[in-house]
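Asks: The following comprises the amino acid sequence and a computationally predicted model.
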Amino acid sequence: MITTTGLTKVYRSRGREVTALDGVDLHVREGEVYGVVGRSGAGKSTLIRCVNLLERPTSGTVTVAGQDLTALAGRGPRAGSTLRQARSHIGMVFQHFNLLSSRTVQDNVELPLEILGISGAERSRKALELLDLVGLGDKAKAYPAQLSGGQKQRVGIARALAGDPKVLLSDEATSALDPETTRSILQLLRDLNRQLGLTVLLITHEMDVIKTICDSAALMKGGRIVESGTVSEVLATPGSELAAELFPVGGEASGPGRTVVDLTFHGDAATQPVISQLSRTYNIDISVLGAALDTVGGRQVGRMRIELPGRFEDNVVPIGFLREQGLQVDVAGPDADEQLVKEGAK
Ligand SMILES: Nc1ncnc2c1ncn2[C@@H]1O[C@H](COP(=O)(O)OP(=O)(O)OP(=O)(O)O)[C@@H](O)[C@H]1O
Ligand SMILES: [Mg+2]
């Protein structure tokens with residue numbers, strides 16, 4: 001539904017160059033909720049602004065719903081209007097809502113319809129329908145200043161839906177909201193995704209957002225996507241940085257001569273009592289040092305850090321057992337890489 005290939009954006013100002021995007025290949029499937037995470041300055045906002053051509057990419061292509069927007073943005077007398085038309089099918093939600101304070105809630109939602117030249121009666125019908133959809137049917141005549149943050153964002157979402165978009169882009173839509181309001185807005189986005197078949201591309205710095213509503217996720221660093229996939233795929237990737245951020249597990253070995261192992265649960269293994277089976281089968285005591293488990297897409301997934309008595313060499317068999325159960329096993333510690341190489345050679 002959204003594809004970018006080799007997307008590059010270089011900002012030039014006062015003789016300096018900043019490469020905000022450095023060859024981004026993004027693929028968002030129809031009907032999915034796709035989250036992009038990354039540190040400040042990674043290029044997330046630039047990416048989303050390039051996807052709807054608010055920002056013109058330096059090179060590369062952007063295709064949304066089968067339409068090559070970068071080609072539309074090209075030269076020619078009618079390029080601007082065709083691009084505007086295409087862009088009206090892409091909704092955008094902002095962190096700070098961007099509502100007009102002098103207009104009522106209803107008039108804010110009508111604004112994009114006015115721009116599209118829709119008649120007054122039709123605009124009004126559509127706006128009221130959308131306000132109902134986002135749970136604000138009774139606030140049509142209120143002004144933004146009379147609303148809570150969560151309500152303002154609902155208005156922002158209703159406005160984004162005015163052009164019947166197939167795609168909704170969201171840049172930190174919940175960052176200015178408290179945790180409970182965040183949950184209700186995420187639920188609303190999920191509901192819209194399901195009811196309307198809306199494809200959602202969102203940017204967030206909150207890992208909880210990814211875990212709560214995203215089907216797929218990507219990690220950006222220095223203008224590049226360094227990891228991406230469905231949440232299960234990411235979890236199944238050995239040494240995944242994104243998995244470690246999504247499910248952070250802490251905990252240090254309780255002393256020397258012990259083996260610390262990080263287990264990743266995804267798929268069927270998550271429902272098996274593997275830890276107690278391991279303990280019984282090999283008659284060993286296992287300490288859980290840390291765990292981060294969650295339900296993603298209705299399945300239990302997550303990571304757990306456990307400690308086994310004895311050094312790595314003493315635990316090759318139990319570790320093999322864990323792998324056989326379908327768990328992903330990463331041996332932690334300073335020598336971990338060396339150990340894995342040695343083990344691989346066996
Ligand atoms: N208009 C601009 N002119 C020059 N440089 C810019 C411009 N917009 C962004 N940049 C630079 O591009 C890089 C990526 O910025 P971007 O806003 O995309 O990051 P971000 O991942 O959204 O960060 P944050 O999490 O803080 O919102 C940064 O180094 C930023 O300084
Ligand atoms: Mg940003």
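Replies: Arrived safely. Numbers count the residues shown, from 1 in each chain. Ligands and ions are numbered 1, 2, ... in the order given.
Asks: contacts and neighbour counts: CA atoms only from here.
Replies: OK.
Asks: Could you export stretch 53-68 as CSV, CA atoms only?
Replies: Taking Å, rounded to 0.1, in the frame of the first residue of the first chain, the C-alpha atoms of stretch 53-68 are listed here in CSV:
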residue,chain,number,x,y,z
LEU,A,53,5.3,14.6,-0.5
LEU,A,54,4.9,17.5,2.0
GLU,A,55,8.7,17.2,1.7
ARG,A,56,10.1,16.6,-1.7
PRO,A,57,12.6,13.7,-1.7
THR,A,58,16.0,14.4,-3.1
SER,A,59,15.9,11.0,-4.9
GLY,A,60,13.9,7.8,-4.8
THR,A,61,10.3,7.0,-5.3
VAL,A,62,7.1,7.0,-3.2
THR,A,63,4.1,4.9,-4.2
VAL,A,64,0.9,5.1,-2.2
ALA,A,65,-2.1,2.9,-3.2
GLY,A,66,-0.6,2.1,-6.6
GLN,A,67,0.1,5.8,-7.4
ASP,A,68,3.6,7.0,-7.9
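Asks: ok, residues contacting it?
Replies: Contact partners of stretch 53-68, identified using C-alpha atoms under 8 Å, 6 or more residues apart in numbering, comprise 1-10, 23, 46, 49-51, 69-71, 73, 86, 166.
Asks: For K221, give the beta-bridge partners.
Replies: Beta-bridge pairing of K221 under DSSP bridges involves R224.
Asks: Tally up the residues packed near it, please.
Replies: Using other C-alpha atoms under 10 Å, K221 has 20 other residues around it.
Asks: thinking again about what came up before, write a PyMOL command that selects only the buried members of the contacts of stretch 53-68.
Replies: Buried members of the contacts of stretch 53-68, defined by 16 or more other C-alpha atoms under 10 Å, are picked up in PyMOL with:
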select buried, resi 1+2+3+4+6+7+8+9+10+23+46+49+50+51+69+70+73+86+166
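Asks: Inside helices: which ones of the contacts of stretch 53-68?
Replies: T46, R49, C50, V51, L69, T70, A71, A86 (DSSP state H).
Asks: The fourth one: what's it in contact with?
Replies: Looking back up the chat, that one is V51. Listed by C-alpha under 8 Å, 6+ apart, the contact set of V51 reads T4, V62, V64.
Asks: again, but for the second one
Replies: In this structure, R49 makes contact with E55, judged by C-alpha under 8 Å, 6+ apart.
Asks: Do you know the pLDDT at it?
Replies: For R49, the model assigns a pLDDT of 94.
Asks: now the fifth one
Replies: L69 carries a pLDDT score of 91 in this model.
Asks: Check P334 too.
Replies: P334 carries a pLDDT score of 52 in this model.
Asks: For V329, which residues count as its bridge partners?
Replies: Beta-bridge pairing for V329 (DSSP bridges): L263.
Asks: correct me, but it touches L263?
Replies: Yes. Counting by C-alpha atoms under 8 Å, V329 touches L263, with 4.8 Å between them.
Asks: I'd like the ones in helices among the contacts of stretch 53-68 as JSON lines, with distance to ligand 1 appended.
Replies: Output for those, formatted as JSON lines (distance: C-alpha to the nearest ligand atom, whole Å):
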{"residue": "T46", "distance to ligand 1": "4"}
{"residue": "R49", "distance to ligand 1": "8"}
{"residue": "C50", "distance to ligand 1": "10"}
{"residue": "V51", "distance to ligand 1": "12"}
{"residue": "L69", "distance to ligand 1": "19"}
{"residue": "T70", "distance to ligand 1": "19"}
{"residue": "A71", "distance to ligand 1": "22"}
{"residue": "A86", "distance to ligand 1": "23"}
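Asks: Specify the local secondary structure of G326.
Replies: Here G326 is coil, with the state taken from DSSP: H, G, I helix; E, B strand; the rest coil.
Asks: residues near it, how many?
Replies: 17.
Asks: Give me the distance between it and H266.
Replies: 9 Å (C-alpha to C-alpha, to the nearest Å).
Asks: tell me how far the helix or strand D294 falls within is from the chain's mean position?
Replies: Secondary-structure assignment from DSSP states H and E places D294 in strand 287-296. How far strand 287-296 lies from its chain's middle: 21 Å, per C-alpha atoms, centre = their mean, to the nearest Å.
Asks: Show me the contact partners of that strand.
Replies: Here strand 287-296 makes contact (C-alpha under 8 Å, 6+ apart) with 211-212, 231, 247-253, 300-308.
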